[in-house]
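Undergrad: Provide a 3D model corresponding to the input given below.
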Amino acid sequence: MSDPAPFRSLRPWLLERFGRPVHRVALDAGSTCPNRDGSKGFGGCVYCDVEGSGTGALKTGAELEEQLAAGIRRVARRDAEGGVIAYFQSYSNTYVERARLREVLGVVEPYLGGDPVVAVSVATRPDTLPPEALEELARLAERTEVWIELGLEAADDRVLDDIKRYHTVDDFRWAVERCHDAGLSVIGHAILGLPGDGREGARRTADVLAETGVAGVKVHNLMVLRRTQLEKQWREGALEVLDADTYVQWLADFVERLAPEQVLHRVTGDAPIEERLAPRWDLHKNAIRERLVAELARRGTRQGSTRASSHRG
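TA: Residues are numbered from 1 along each chain as shown. Here you go, the predicted structure:
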């Protein structure tokens, strides 16, 4: 199925890849990360809420097996023919002992073979991928597709330190290479509008994502959520976030610099309005997508245009 958009969007790619609609089921394995437990820092990244940008499902007492089973039931009610991506979302899911990772991944075993789980997606950090974790993930990849979601966020070590990521751009590059060597697909994450990054930073981040050859990209604007370190800065007037028009301009720059074959899994954030302090755009995520399409049409460009023209020289 061809995609008429000027970028490679997720839904048509999923239909082409799996031959049917596919839906994510978000899972919370109760993990943590090294800049929350004191290994590198406390409090997490400055934009990350107390649930680690996840579901918070574990706090309700729902164990992983029931989270997945309940999610599969929800998908079946919406779409009887739909497939499922089991998405281990919260925190850094490979930042655990090998036995725990094996236990977590084992939850999907009864559903493999495309009935209904067609892929497993594991969110983690570039600096929390020890060899034993990659071995466990590679073992699972022998039975189903495995995607590793890695946050680059910004391609600038200074910005990464300022937002308390506490890993480097080279850590990201090395993690992608090791995932590829293990037969795993990678989805790189980026945030546009981080403090001190700017429009050139957005372009630079797209360049790194293209150069590393990640299969997919998730990008969104910086959001200020309740219960984050950014909340205090924003309330004090020390932090500005992008308006919708500016974000679309930067996003178009970003998309032009990606490789043509990379799949855009997300082009904007969708945090619940009750948790989001800024920005308060009165726009559905589809409206941002439509504005992006219009902006690329105005420019006469598409995904990969800038990269292709820069290589011709």
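Undergrad: State the mean pLDDT of stretch 222-241.
TA: For stretch 222-241, mean pLDDT rounds to 94.
Undergrad: quick one, strands of the stretch 1-150 of the chain?
TA: For the stretch 1-150 of the chain, applying DSSP state E, counting those that start in this stretch gives strands covering 22-27, 83-88, 117-124, 145-153.
Undergrad: Give me the sheet partners of the second one and which way each runs.
TA: Strands that pair with strand 83-88, judged by DSSP bridges, come out as strand 22-27 (parallel), strand 117-124 (parallel).
Undergrad: Would you mark the buried spots in it?
TA: For strand 83-88, a neighbour-count test (16 or more other CB atoms under 10 Å) marks Gly83, Val84, Ile85, Ala86, Tyr87, Phe88 as buried. Heads up, the C-betas are built off the backbone N, CA and C, glycines and all.
Undergrad: returning to that earlier point: what would the strands of the stretch 1-150 of the chain look like in TSV with mean pLDDT and distance to Phe172?
TA: As requested, the strands of the stretch 1-150 of the chain are arranged in TSV below (pLDDT from 0 to 100; distance: least, CB to CB, whole Å):
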stretch	mean pLDDT	distance to Phe172
strand 22-27	96	23
strand 83-88	97	19
strand 117-124	97	12
strand 145-153	97	5
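Undergrad: Of all these, which one is nearest Gly201?
TA: strand 145-153 (10.1 Å; CB to CB).
Undergrad: hang on, the earlier thing: I'd like the strands paired with strand 83-88 written out as a markdown table, with mean neighbour count and distance to Asp245 added.
TA: Converted to a markdown table, those look like this (neighbours: other CB atoms under 10 Å; distance: least, CB to CB, whole Å):
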| stretch | mean neighbour count | distance to Asp245 |
| --- | --- | --- |
| strand 22-27 | 21 | 29 |
| strand 117-124 | 24 | 30 |
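Undergrad: With respect to Lys40, which of those lies nearest?
TA: Closest approach to Lys40 among the strands paired with strand 83-88 (CB to CB): strand 117-124, 14.3 Å.
Undergrad: List of residues touching the closest one?
TA: If you take CB atoms under 8 Å, 6 or more residues apart in numbering as the criterion, strand 117-124 is touched by 18, 22, 24, 83-95, 105, 108, 111, 133, 137, 140, 144-150, 187.
Undergrad: Buried only: go through those residues for me.
TA: With neighbours counted using 16+ other CB under 10 Å, the contacts of strand 117-124 contain these buried positions: 18, 22, 83-95, 105, 108, 111, 133, 137, 140, 144-150, 187.
Undergrad: need the strands of the stretch 1-150 of the chain in CSV with distance to Arg226, can you?
TA: Formatted as CSV, the strands of the stretch 1-150 of the chain follow (distance: least, CB to CB, whole Å):
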stretch, distance to Arg226
strand 22-27, 19
strand 83-88, 23
strand 117-124, 21
strand 145-153, 20
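Undergrad: Low-confidence ranges, the stretch 51-200 of the chain, go.
TA: Along the stretch 51-200 of the chain, the parts satisfying pLDDT under 70 run over 51-62.
Undergrad: hey, where'd the helices end up in it?
TA: Ranges of helices in the stretch 51-200 of the chain, per DSSP state H, counting those that start in this stretch, are 64-78, 98-105, 131-141, 157-162, 169-181, 198-212.
Undergrad: so of the ones you listed, which one's packed in deepest?
TA: The highest mean neighbour count among the helices of the stretch 51-200 of the chain, using mean count of other CB atoms under 10 Å, belongs to helix 198-212: a mean of 20.
Undergrad: C-terminal to it, what's the next element?
TA: strand 216-221 (DSSP states H and E).
Undergrad: With only the CA atoms kept, save that next one in PDB.
TA: Output of strand 216-221 as PDB, limited to C-alpha atoms (Å, rounded to 0.1, in the frame of the first residue of the first chain):
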ATOM      1  CA  GLY A 216      12.000   4.300  12.800                       C
ATOM      2  CA  VAL A 217      11.800   7.700  14.400                       C
ATOM      3  CA  LYS A 218       9.600   9.200  17.000                       C
ATOM      4  CA  VAL A 219       9.700  13.000  17.300                       C
ATOM      5  CA  HIS A 220       7.600  15.400  19.400                       C
ATOM      6  CA  ASN A 221       7.800  19.000  20.700                       C
END
